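Visitor: Give the three-dimensional model of this entry:
(2 chains, ligands or ions: 3)
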Number of protein chains: 2
Amino acid sequence: LKNRNGTRRLATATEKSLFKPLDTFSDRHIGPNDAEVQHMLNSIGYESMERFVDASVPPSIRLKEAAVDNAAIQPLSESELFGRAKAFAESNKPFKSYIGMGYHNAVVPPVILRNVIENPAWYTQYTPYQPEIAQGRLESLVNFQTMVMSLTSMHVANASLLDEGTAAAEGMAMAFVAGNQRKKTFLVDSGVLPQTISVLRTRAKGFGIKLVIKDFFEGIKDEAIRSDLCGVLLQYPDVNGHVKNYTQLAEEVHSASALVICATDLLALTSLKPPGEWGADIVLGNSARFGVPVGYGGPHAAFFACSQRLQRKMPGRLIGRSRDATGKPAYRLALQTREQHIRREKATSNICTAQALLANMAAMYAVYHGPSGLRQIANKVHGFTKVLKSQVEAFGYDVENQCFFDTLTIDTGIVEGSASAVHRVAREAHINLRHIDDIRVGITLDESMSAEDLVRLINVFASAVSANAVSLSSLQPPPASNTTIPEDIQRTTPFLHHPVFNTHHSETEMLRYIHHLQNKDLSLVHAMIPLGSCTMKLNSTSSMIPLTWPEFGGVHPFAPVDQVKGYLEMIKELEIDLCKITGFEACSLQPNSGASGEYAGLSVIRKYHESQGEANRKICLIPVSAHGTNPASAVMAGLKVVSVKVLSNGALDLEDLRSKAETHKDNLAAFMITYPSTFGVFEDGVQEACKIIHDNGGQVYLDGANLNAQIGLTNPATCGGDVCHLNLHKTFAIPHGGGGPGVGPICVAKHLAPFLPTHDIIATGGSKGIDAVSSAPFGSASILLISWAYIKMLGGKGLADSSKVALLNANYIAHRLAGHYSVKFTNGNGRVAHELLIDLADFDKKADLKVMDFAKRLQDYGFHPPTCSWPISTAMLIEPTESESLDEIDRFCDAMIEIRKEAQEVIDGTQPKDNNLLKNAPHPIPVVTLSEEEWNRPYSRQRAAYPLSYLLEKKFWPTVTRIDDAYGDLNLICDCPSVEETESMP
Amino acid sequence: LKNRNGTRRLATATEKSLFKPLDTFSDRHIGPNDAEVQHMLNSIGYESMERFVDASVPPSIRLKEAAVDNAAIQPLSESELFGRAKAFAESNKPFKSYIGMGYHNAVVPPVILRNVIENPAWYTQYTPYQPEIAQGRLESLVNFQTMVMSLTSMHVANASLLDEGTAAAEGMAMAFVAGNQRKKTFLVDSGVLPQTISVLRTRAKGFGIKLVIKDFFEGIKDEAIRSDLCGVLLQYPDVNGHVKNYTQLAEEVHSASALVICATDLLALTSLKPPGEWGADIVLGNSARFGVPVGYGGPHAAFFACSQRLQRKMPGRLIGRSRDATGKPAYRLALQTREQHIRREKATSNICTAQALLANMAAMYAVYHGPSGLRQIANKVHGFTKVLKSQVEAFGYDVENQCFFDTLTIDTGIVEGSASAVHRVAREAHINLRHIDDIRVGITLDESMSAEDLVRLINVFASAVSANAVSLSSLQPPPASNTTIPEDIQRTTPFLHHPVFNTHHSETEMLRYIHHLQNKDLSLVHAMIPLGSCTMKLNSTSSMIPLTWPEFGGVHPFAPVDQVKGYLEMIKELEIDLCKITGFEACSLQPNSGASGEYAGLSVIRKYHESQGEANRKICLIPVSAHGTNPASAVMAGLKVVSVKVLSNGALDLEDLRSKAETHKDNLAAFMITYPSTFGVFEDGVQEACKIIHDNGGQVYLDGANLNAQIGLTNPATCGGDVCHLNLHKTFAIPHGGGGPGVGPICVAKHLAPFLPTHDIIATGGSKGIDAVSSAPFGSASILLISWAYIKMLGGKGLADSSKVALLNANYIAHRLAGHYSVKFTNGNGRVAHELLIDLADFDKKADLKVMDFAKRLQDYGFHPPTCSWPISTAMLIEPTESESLDEIDRFCDAMIEIRKEAQEVIDGTQPKDNNLLKNAPHPIPVVTLSEEEWNRPYSRQRAAYPLSYLLEKKFWPTVTRIDDAYGDLNLICDCPSVEETESMP
Ligand SMILES: Cc1ncc(COP(=O)(O)O)c(C=O)c1O
Ligand SMILES: Cc1ncc(COP(=O)(O)O)c(C=O)c1O
Ligand SMILES: O=C([O-])O
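Guide: Numbering: from 1, shown residues only, chains lettered A, B, ... in the order given. Ligands and ions are numbered 1, 2, ... in the order given. Just a heads-up that it's a prediction; the model follows:
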């Protein structure tokens, strides 16, 4: 097998006719070739793939092949895909949008475009659970946090949330919890973005919060509101561009023992007094105008910052500075805010996958521009807005807001035909303005504008009143006086004074900084990342290329639908294909993560029950083996969680399920199940379980995180589900980006379709749909291109083959590790699904070796460790995916087996329990080059560094030793080093 | 200075008005900011940049500022540049070209596109002179060599030449030399590509070779030819698509003691008997159809292979396998084929910069597809050609060649209007065919075609005879019988059986292989590469982005000019700007490297003298300090080299020059001078030297390699030159790509403009121009975009500022190293130019420490060493460029100073002469992790690895120890390991 001379790499080979394209994607996507597939099948004792699949997947749920074949989804070659994508791109009309409402045209610095978002070494990273091999992106995320903290003047900021709307909802939930869930009124200023209000409406419903949308200054005077008030949300500047001083108001809110939550704009904060200086408790917003394409709505990194008092209640991932075993400073996820540690039914947030990649882009943008560059950009945007204002006023228009940063509300009363006439003229100039009402139009300016763009925009207003057009040379700079931002809310404090924001301003320096960080991080460009439940498969270049085409990147989410035909067609095709794959009727692509999909799906179920007059159905059964987001989402959707047991063989306890379903049958809302189970097995009883639920009036929610095991073999509908979410960032090849972006669409059966999430501005979702779950109508629309391309290129057969090979790869690993490790659960035929759990409890007992010791030692072997201690605390969950070749899988197995031998030495007492290859792992270079005295270990440097010979040729080095989590949590520091700290460093 | 809070990074700052763009390129291109510039000026004792420049550049040659200011070249911001580039792209018409003639539409595998050609970690590499930090690209280039050797069945292949035409010329020169330059006839088959013949004509003239273009089978029978024959060149398949058996012919040529040179096509060789199997001595061609865009003519990697007997005579760079100090296998440049070792006036080739990046792309393409993938591609191309043939024959056309691989010559006699009518129909279908003559059209098919493309093409022929159009469904696969390639020349031997071509076939594996190699190599993404004479400046992303747009990549060089308006406009603008910069009248962008520019420029001078009736002027004066390519180019242009002395202060010996000019005044052709000199100094006497030459009837050739020191301050015309070449890959930011591509345009004074190189197919050059020096009319046209963008974005002021800062950075280094090292030459004011020479001779004397010891030790400090032992064998030539920041320059100086201390320890005897930090350098990780016993050195591991503290945070590791050149040259192995070797490796 070593020598693969002449073999074709076609796991899915059918003889190609002369007229078929050669650049077929499945040949490149699937790791093992025909011979390797056969070798693996033989090793585990099957003669054919079919026999093997029959033994792995219960016959009762198997699909006919035609369900997902090339007739159902016709495969496109890579070049055909580019042709289709180009056609979509060209049917999006390239209008210039000044619609604003939280979405701006961004300027992506080319060095960041090419070296971050187009660079697999960045986008294929996983969430930095293994900080020793993730110091690069951890540093960058700390830059993001620091940027947010500094611009908002808040004590702490997290490493991103999904979007501004859900960030606001998280803020509301925090206020609700801070008021001990007793005070139920949440006041939202009417100047808040409408799409945010829609997301709040959905979320308020789940928590039973009373949402009051009203002008603040009035609302706070209302005693009924004050007395029950848990928090307020305001937008700064507001949706119409007004900039107001909220200092007084913040005091009043605090005196009502409620929290002040401020949605804001980072660029404006270079000029406006930061919310942290006038009393905000929570500050949030969208960071995308810092160099992230608007992309028809996302993905973008929302930011979220809060005061010190609230810091340990903050949702989302937080990166902190700690130290490693040698005392060297090191970054890692602080406060264990990882999904494995989600507080299940006690949670008020389910955030897991966030927007790491986009947060990194925004942070890099700040690093590249630095404080003075950002100030220049802000001055330009603000200056252009001033020029626009004085010009339109000269034409006779009234501008509603005299104070502003970048947004004007213009009264078009003087125009015949008012706003609609102005919009018409704008449209002719290929310009989109915001529709406010019949009289007023809104305009938001941004960095992307040239002076020529400004002239074109001004001339829309000239033309609408038949005034003379202005020319570039006639443009006057605005008056120097800055009455547009009242003195009392001008920013006076410096920001971003940390060295990192004041060093990398030439392209060369920036390039090196990006590569310096990247080289600290293990990603898919280095090795397999066999993280169970995470499906780290190939993120192909062909599916990534269209993403950064300007025809997709430059589209505003609220652009008129006739300008986005390409997007809409692609979205429709993706929805249809996902329905074919899941067996369901309808799909919503709005949720921005798996957890958000869970929440959306459960909310749909609730609404369905309500429509049946059964608003009482609020009980949600969830197996104890479920992912932490499941119960958290249930609670957020207003359900009450009841746990269901699992048996010692890992299977769902059907008797317990039945008894609980019957007990709660009058109030049973839903049952959540993951399939194959989080233990990595296709359970036989899934259909029976679903039947039990249905018989008792409940709906079945299928967590589709493990869909990669199912495609073409079974589907959630056949298993018995009514709704499922899919993680497009797992099964459908959206790269994980170091912890996001993600997309968590939900697919539903026919009876649930009417309840799919809607959107206030762009029509989508069901006729009786729930309110929005994301700010943008189609969530992270631009990255849908990736999954669309993935599905279209694989086609039905390629998709099914991928699932088969994913199963085979996992079973081959189980086979190779058997005898060395205990594979915890298998089905009756001894088969695992697409992942396997190995239990390491025995090593702890015998030699004090923990799961983490094995994980860290795997780093020394150049691998990213599998998922650790979830769903069983003493186990590792290993998922290879179909994209890994036999060589790579063998290399991984060799490493695991060698570590097993190392562990044996500890068991046997050859190596001490507290000083051995595993306990001391990982071994970065500065450690293996210590002096002989300092080294002083019962093993050689060579064995520490190069335990297997492949490592001499190919080794990824951790950059720090094991990191001290406890120290970091005790001494929580979440920003990057200051000038002073930097100077005192070696 | 460490804390640069709030400073703007504008070395070239002028206050920006509100209406000017913010994304100004010079702020990003120039490394030091205002404060840093001021700091450096102060350190070296100047209050202002102007004072400093006055002291560096002789007043007599200084230009007025207006010569190169923003009025002369108006700067575009990065986004404006993209707009302009887009406009050019859109004015190229996207016709599908089947013109062939050595140029094919390529399919670039996306994973190679993104991770090689769009990846700065690959494209910013330098020629692998320092193999310990270049094992990645060395391995890839060996893959290229192996691919060529295997497909051609030849004993050895080099690592690329400039293009097919010059490769053929190199072959001709080898044949000429092999015949001891006595036999002067070189026979070229009339089926050879016309552009190749044109290049041969130019080159034959210089050598005094008699070129006979004739049908082979006839020519070889001619006794007059046979008796004087040094070699023959044939094309296989030939330009009209014929495939012939040349076995017999080869024997006849050999019996005449001449060489058989075969130009061929790698894809065809998967199906045709390889030239090595039927007697070819030299095999060459263009590798671009292996995944390199046609790009309006280039850059592409030509390949060149030869028999064992000729291997040590082969031109170009050759990579060999050797071993490092620990015996580990390691790659490096073999046979010292680097430009520093060019055999000056004894040379018959001047090749230096080649096409490494494109060779790497082609090699990666072969790695990705492997032998069976390539065979599939070949079968498709050949199969389509068969289908085309049978269809057009069915319409009644005659096909001239019954044997073919991918090219047909079709007789259109049956069409009313013949060929021109067919071309008209084709044009309507947006298709280009080859114009052969009034009756015949040529068609060459390629991998990029879809079945739909084939149908469209067939229907051009249908339509021309008013036959019914065919449809895709009606297409018949060709008959299985393969009479189209006669059995006696079908390939029967396997190829590319080496493991590397049979392993990386999934995208994941390919991605990892690319990144694995890349991570072994130091490039500009890691650190400064201060290579004197090489100008390793920023290769900005914004200038690289348009390069891979399909509107530029997909254009055939012989496409009708109305389809390439965008290209032609860009080319015109670039020519005009280069003329402004050099002070000359006209420009040719045809030469593909600096050396090729030298050759072109000198050929122009010869032709000029001839036009004056002075064909006798053949003496070329060249200073001994000149780059090796200078005398080599002179000889190739048919000149006789006379050396001119330099004084001990480094200056040209004007008296020696005068006396030699006068001695040879009747036959004086030219004087070649590099300015500032290769010693890094602006000499005062340049104008006087030029006057001496002109007074004696000669022309002055200025080698523009050091133009980066001149722009806006002086220029070659003002210095007194008549012609100069520029290295766009130095001064004008085309990335070096690990040893190419390059572009070496020549600019000439008015009287020389009529003699600029022409092209046989596309009109270009002077009215009385020399023949072509490259295959394509505008050489490596696509990368001209990079220099065009660079110049347009910097604008006049930014260009001049860049030169000033380049001077400043070099002088600052000279200042910091003074006292530690001896700076060899300065001008009267103690100033160097943009680079500096430090002489290390003393260390050799005192402590047996060679230049190489310092160089290798610099690797341990994370730096690429400066140019070593050139132009003085005991010296290093250091050139920082304007793109390096003060931090980076200080880091470099710190390293140099620390190494100086380490050397002192050897001088002082603290460390032994044969076992010290320098002699043992570099220290890769496997060495610093040796056991204590094996380590056994008089210094610690920590000191070996981390001599300065910055290295703990940021260190680039060499992957092998010092490489044994002698061993490799003795045991010349130039291919990659075979199956057997791989299996016997650890
Ligand atoms: C089983 C399961 N459910 C839900 C999720 C949550 O998905 P996301 O991280 O996209 O919110 C995960 C993520 O790992 C998961 O493994
Ligand atoms: C002074 C000088 N002349 C000519 C050349 C040759 O240029 P090229 O490598 O592009 O052929 C070089 C290259 O380093 C050079 O330094
Ligand atoms: O960035 C591009 O892939 O063009």
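Visitor: How far does the helix or strand hosting A:Met896 sit from its chain's centre?
Guide: According to DSSP states H and E, A:Met896 maps onto helix A:886-907. On the basis of Cα atoms, centre = their mean, to the nearest Å, helix A:886-907 sits 33 Å off its chain's mean C-alpha point.
Visitor: Quick one: list the elements packing against it.
Guide: The elements that helix A:886-907 packs onto, with contact taken as 3 or more Cβ pairs under 8 Å, 6 or more residues apart in numbering or on different chains; DSSP states H and E, are helix A:34-44, helix A:781-817, helix A:841-847, helix A:851-860, helix B:507-518. Backbone N, C-alpha and C define where each C-beta goes, glycine included.
Visitor: just so I know, which of these lies nearest ligand 1?
Guide: Proximity to ligand 1 (Cβ to the nearest ligand atom) singles out helix A:781-817 among these, at 12.7 Å.
Visitor: Run the chain-centre distance for that closest one.
Guide: How far helix A:781-817 lies from its chain's middle: 20 Å, per Cα atoms, centre = their mean.
Visitor: how far off helix A:34-44 does it point, in degrees?
Guide: Per axes from the mean of the first three to the mean of the last three Cα atoms, to 10 degrees, the angle that helix A:781-817 makes with helix A:34-44 is 50 degrees.
Visitor: List the contacts of A:Leu877.
Guide: A:Leu531, A:Gly532, A:Ser533, A:Thr678, A:Gly680, A:Glu835, A:Leu836, A:Leu837, A:Pro866, A:Thr867, A:Trp870, A:Pro871 (Cβ atoms under 8 Å, 6 or more residues apart in numbering or on different chains).
Visitor: which residues are contacting the helix holding A:Met896?
Guide: By Cβ under 8 Å, 6+ apart, helix A:886-907 touches A:1, A:31-32, A:36, A:39-40, A:527-528, A:530, A:809, A:812-813, A:816-817, A:820-821, A:843, A:846-849, A:854, A:857-858, A:861-863, A:880, A:911-913, A:916-918, A:947-948, A:950, B:503, B:508-509.
Visitor: Could you rerun that using 7 Å?
Guide: A:1, A:32, A:36, A:39-40, A:528, A:530, A:809, A:812-813, A:816-817, A:820-821, A:843, A:846-847, A:849, A:854, A:857-858, A:861, A:863, A:880, A:911, A:913, A:916-918, A:947-948, A:950 (Cβ atoms under 7 Å, 6 or more residues apart in numbering or on different chains).
Visitor: what do you get for stretch A:515-534?
Guide: So stretch A:515-534 is contacted by A:120-122, A:124-126, A:133-137, A:139-140, A:536, A:678, A:680, A:705, A:730, A:835, A:862-864, A:866-867, A:877-880, A:884, A:888, A:892, A:956, A:959, B:121, B:511-512, B:515, B:525-526, B:954 (Cβ under 7 Å, 6+ apart).
Visitor: coming back round to it: got the helices and strands packed on helix A:886-907 as a markdown table, with distance to ligand 3 columns?
Guide: Shown next, in a markdown table, are these (distance: least, Cβ to the nearest ligand atom, whole Å):
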| stretch | distance to ligand 3 |
| --- | --- |
| helix A:34-44 | 32 |
| helix A:781-817 | 14 |
| helix A:841-847 | 47 |
| helix A:851-860 | 32 |
| helix B:507-518 | 15 |
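Visitor: would you turn these into JSON lines with mean pLDDT, mean neighbour count and distance to ligand 1?
Guide: Formatted as JSON lines, these follow (pLDDT from 0 to 100; neighbours: other Cβ atoms under 10 Å in any protein chain shown; distance: least, Cβ to the nearest ligand atom, whole Å):
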{"stretch": "helix A:34-44", "mean pLDDT": "97", "mean neighbour count": "17", "distance to ligand 1": "25"}
{"stretch": "helix A:781-817", "mean pLDDT": "98", "mean neighbour count": "26", "distance to ligand 1": "13"}
{"stretch": "helix A:841-847", "mean pLDDT": "98", "mean neighbour count": "16", "distance to ligand 1": "22"}
{"stretch": "helix A:851-860", "mean pLDDT": "98", "mean neighbour count": "25", "distance to ligand 1": "17"}
{"stretch": "helix B:507-518", "mean pLDDT": "98", "mean neighbour count": "23", "distance to ligand 1": "21"}
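Visitor: so which residue of chain A comes closest to ligand 2?
Guide: Of all residues in chain A, A:Thr508 sits closest to ligand 2, at 21.1 Å by Cβ to the nearest ligand atom.
Visitor: Check the gap between that residue and B:Gln38 for me.
Guide: 20 Å (Cβ to Cβ, to the nearest Å).
Visitor: and what of A:Ser873?
Guide: Counting by Cβ to Cβ, the gap from A:Ser873 to B:Gln38 is 60 Å.
Visitor: Over to A:Cys262?
Guide: From A:Cys262 over to B:Gln38 (counting by Cβ to Cβ), the distance is 41 Å.
Visitor: where does chain A have low pLDDT?
Guide: A:1-16, A:336-342, A:481-482, A:985-986 (pLDDT under 70).
Visitor: For chain A, which helix extends over the most residues?
Guide: helix A:356-394 (DSSP state H).
Visitor: in that one, what counts as buried?
Guide: Within helix A:356-394, the residues scored as buried using 16 or more other Cβ atoms under 10 Å in any protein chain shown are A:356-378, A:380-389, A:391-392.
Visitor: Enumerate the residues of chain A near ligand 3.
Guide: Within chain A, the positions lying close to ligand 3 (Cβ under 6 Å from any ligand atom) are A:Glu118, A:Ile545, A:Thr548.
Visitor: so A:Phe956 touches A:Asp860, yeah?
Guide: No - assessed by Cβ atoms under 7 Å, A:Phe956 is found out of contact with A:Asp860, at 9.5 Å.
Visitor: all helices of the stretch 401-550 of chain A, in order?
Guide: With DSSP state H, counting those that start in this stretch as the criterion, the stretch 401-550 of chain A has helices at A:418-428, A:451-464, A:507-518, A:541-544, A:550-553.
Visitor: helices or strands up against the last one?
Guide: What it means is helix A:550-553. Using 3 or more Cβ pairs under 7 Å, 6 or more residues apart in numbering or on different chains; DSSP states H and E, the elements in contact with helix A:550-553 are helix A:78-91, helix A:781-817.
Visitor: Specify the angle between the longest one and helix A:356-394 in degrees.
Guide: For helix A:781-817 against helix A:356-394, the angle by the same axes, to 10 degrees is 180 degrees.
Visitor: re earlier: for A:Leu267, which of the helices and strands packed on helix A:550-553 is the nearest?
Guide: Of all those, the one in closest proximity to A:Leu267, counting by Cβ to Cβ, is helix A:781-817 (21.0 Å).
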